[in-house]
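>>> need coordinates for the following:
(one chain, ligands or ions: 2)
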Amino acid sequence: MKNPFHIMLIPTLGCPSNCSYCWSSEEGSPIMSIDTVRDVVRWLKDFRNDRVTFTFHGGEPLLAGADFYRQALPLIAGELSHLTPDFALQTNLWRMTPEIAEVLAEYHVPIGSSIDGPREINDRQRGDGYFEKTMRGYEIARAHGLSVRFICTFTKESVEHREAIVEFFRKNGFVLKLHPALPSLRDSNPERWALAPEKYGDLLVYLLDQALDHIDEVEIMNINDLVRCVFTRHGNVCTFADCMGSTFAVGPDGSIYPCYRFVGMPEYVMGNVADCPGPEDLAASDAGKLMQGFKDYVDQACADCRHIRYCRGGCPYNAIAPTGGKVAGVDPHCIAYKRIFDEIGDRLDAEMFASPPMGMGGFPGQPKRGARPGIMSLMQRIVAR
Ligand code: SF4
Ligand code: SF4
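Ligands and ions are numbered 1, 2, ... in the order given. Now for the predicted structure:
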């Protein structure tokens, strides 16, 4: 099965916010020109004949301004119509304006934003005033009919308030997507905010219970994705699939990288859109070989793991970046992945064995009236959504 084709466009690495744990913004970063977008279009015309998703990411992509999106969106949608492009945008929403919202609405661009829970918890790790500025942008986006989902970054500190954070998402009817804070590569104290893998595993099990206990009230995207992985035995988000060769990021100057997480690190440049490199050219670059090296490593290192088919060693960035570009292990979050995959798999087995056989008054996995919903119930919800 081919993995989805995904191009991340990074109009700038600049960002007006200054979140304490952020490692992906850069002061004074230039803004991508429309000529570079034209090069992107020329590069992709004959690159791969599959439906593609473009995600505008950063830094803060709204710094590019309304004119950038007024030109870039029709250019991509029109010139690459044979690839039926979908769009998405990841932003803190501070620079959302009615003008930008209008053009995003015209192209049905769903928005991923970031909020780490109630104001006090959020602003403690993202900076004073963050919450209010994001909510102001959220109101503009919603007034234009845009869909907005929030990524919630759990840090070493905020995980201690997980009850209040889930309650915040539940009360506001926000879909929650969890992101564990990573050790920063640009900080003298990289572990200051990072969520340890064991804590991350605990958090995932807690969120699984929350998703089941409040099955009608809260939707937790990661839990849905993990349950779907176990059910289909296939990774359905980039962390649990071989992203290499299917995902690329383009930086402000047209440099091509394996993913947005590498943008701005010259050692991971695979080529430039102006040269229209083909898939083989990118695979032959040092960064391309490194990503393939990770895939080969996982085939060996995870061979005996029962979850290898739908985990695939986790995220290559998480594995490679902290070791200075060497493949020396799998994603350090392996401990968390194993914990939650085991938990989902074991509970599922228990539900199946506890069910009456077909034709004996029940449907496999169906909870008894009044009983707590289980993994099967959640899967039924996911399919129905
Ligand atoms: S490097 Fe990690 S974050 Fe980037 S596409 Fe691959 S799995 Fe996803
Ligand atoms: S859970 Fe760990 S050992 Fe298993 S496939 Fe994932 S990274 Fe490899």
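>>> low-confidence ranges in the stretch 51-200 of the chain?
Counting by pLDDT under 70, the stretch 51-200 of the chain contains low-confidence ranges at 184-188, 190.
>>> helices of that one, residue ranges please.
For the stretch 51-200 of the chain, the helices defined by DSSP state H, counting those that start in this stretch occupy 65-79, 98-106, 119-126, 130-143, 162-172, 197-213.
>>> what sits against Arg38?
Leu75 (Cβ atoms under 8 Å, 6 or more residues apart in numbering). Every residue, glycine included, has its C-beta placed from N, CA and C.
>>> which element is it on?
helix 34-44 (DSSP states H and E).
>>> could you point out the longest helix of the protein?
helix 334-354 (DSSP state H).
>>> ligand 2 contacts on this structure?
Selection of the chain residues close to ligand 2 by Cβ under 6 Å from any ligand atom yields 302, 305, 307-308, 311, 313-314, 330-331, 334, 337-338.
>>> in the stretch 1-150 of the chain, what residue lies closest to ligand 2?
Asn3 (16.3 Å; Cβ to the nearest ligand atom).
>>> hang on, the earlier thing: now do the longest helix of the chain, average pLDDT.
Averaging pLDDT along helix 334-354 yields 94.
>>> moving C-terminal of it, what's the next helix or strand?
Note on helix 334-354: by DSSP H and E, the next helix or strand toward the C-terminus is helix 375-384.
>>> okay, the angle between that next one and helix 334-354?
Counting by axes from the mean of the first three to the mean of the last three Cα atoms, to 10 degrees, helix 375-384 lies at 100 degrees to helix 334-354.
>>> tell me the mean pLDDT over helix 375-384?
Averaged across helix 375-384, pLDDT comes to 90.
>>> the single longest strand found in the chain pairs with which strands, parallel or anti?
Scanning the chain for the strand with the most residues, using DSSP state E, yields strand 148-154. Counting by DSSP bridges, the strands paired with strand 148-154 are strand 111-114 (parallel), strand 176-180 (parallel).
>>> quick one: contacts of the longest helix of the chain?
180, 197-198, 200-205, 208, 226-227, 229-230, 240, 305-307, 310-311, 313-314, 331, 364-365, 367, 374-376.
>>> and the angle from it to helix 197-213?
Angle, helix 334-354 to helix 197-213, by the same axes, to 10 degrees: 30 degrees.
>>> begin at 99 from now on, thanks
Yep, numbering from 99; the last one is helix 432-452 now.
>>> and the stretch 249-398 of the chain, which residues reach ligand 1?
So far as Cβ under 6 Å from any ligand atom goes, the stretch 249-398 of the chain lies against ligand 1 at 336-337, 341, 345, 357, 359.
>>> residues touching Leu178, list them.
Going by Cβ under 8 Å, 6+ apart, Leu178 touches 139, 142-143, 150.
>>> put the buried members of those into a PyMOL selection.
To isolate the buried members of the contacts of Leu178 in PyMOL, using 16 or more other Cβ atoms under 10 Å:
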select buried, resi 139+142+150
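>>> near ligand 1, list only the ones from the contacts of Leu178.
Okay, of the contacts of Leu178, nothing touches ligand 1 (Cβ under 6 Å from any ligand atom).
>>> what about Met106, is that helix, strand or coil?
Under DSSP: H, G, I helix; E, B strand; the rest coil, Met106 falls in the strand class.
>>> what does the pLDDT read for it?
98.
>>> how about the nearest residue to it, chain neighbours excluded?
Ala347 (4.0 Å; Cβ to Cβ, 6 or more residues apart in numbering).
>>> in which helix or strand would I find that neighbour?
Per DSSP H and E: strand 345-348 holds Ala347.
>>> hang on, Pro128 in a helix?
No - using three-state DSSP, the assignment for Pro128 is coil, not a helix.
>>> pretty sure it contacts Pro350?
Yes - Pro128 lies in contact with Pro350 (Cβ atoms under 8 Å); the separation is 5.0 Å.
>>> so for these two, which residues contact both of them?
Joint contacts of Pro128 and Pro350 (Cβ under 8 Å, 6+ apart) are Thr110.
>>> now for the strand holding Ala347, which elements pack on it?
strand 103-107, strand 353-355 (3 or more Cβ pairs under 8 Å, 6 or more residues apart in numbering; DSSP states H and E).
>>> out of these, deepest packed?
Of all these, strand 353-355 has the most neighbours on average by mean count of other Cβ atoms under 10 Å, namely a mean of 24.
>>> tell me the helix or strand right after that strand.
As assigned by DSSP H and E, the chain's next helix or strand after strand 353-355 is strand 369-370.
>>> other residues contacting the longest strand of the chain?
119, 188, 191, 208-215, 223, 236, 239-240, 260, 263, 267, 272-279, 293, 298, 301, 319.
>>> and what of stretch 358-367?
Here stretch 358-367 makes contact (Cβ under 8 Å, 6+ apart) with 106, 108, 111, 122, 124, 127, 153, 155, 347, 349, 353-356, 383-385, 388, 415, 419, 423.
>>> what are the buried residues along stretch 381-390?
For stretch 381-390, by 16+ other Cβ under 10 Å, it's 381, 383, 385-386, 388-390.
>>> among those, which ones are in helices?
Using DSSP H, the members of the buried residues of stretch 381-390 that fall within helices are 381, 385-386, 388-390.
>>> now do the buried residues in the helix holding Arg136.
In helix 132-142, counting by 16+ other Cβ under 10 Å, buried: 134-139, 141-142.
>>> show me what contacts the closest residue to His332 other than its chain neighbours?
Nearest residue to His332 in three dimensions, chain neighbours excluded: Tyr408, at 5.6 Å (Cβ to Cβ, 6+ apart). With contact set as Cβ under 8 Å, 6+ apart, Tyr408 has these partners: 327-328, 330-333, 338, 439.
>>> ok and the residue in the stretch 99-248 of the chain nearest ligand 1?
His104 (7.3 Å).
>>> Ile129: neighbour count?
16 (other Cβ atoms under 10 Å).
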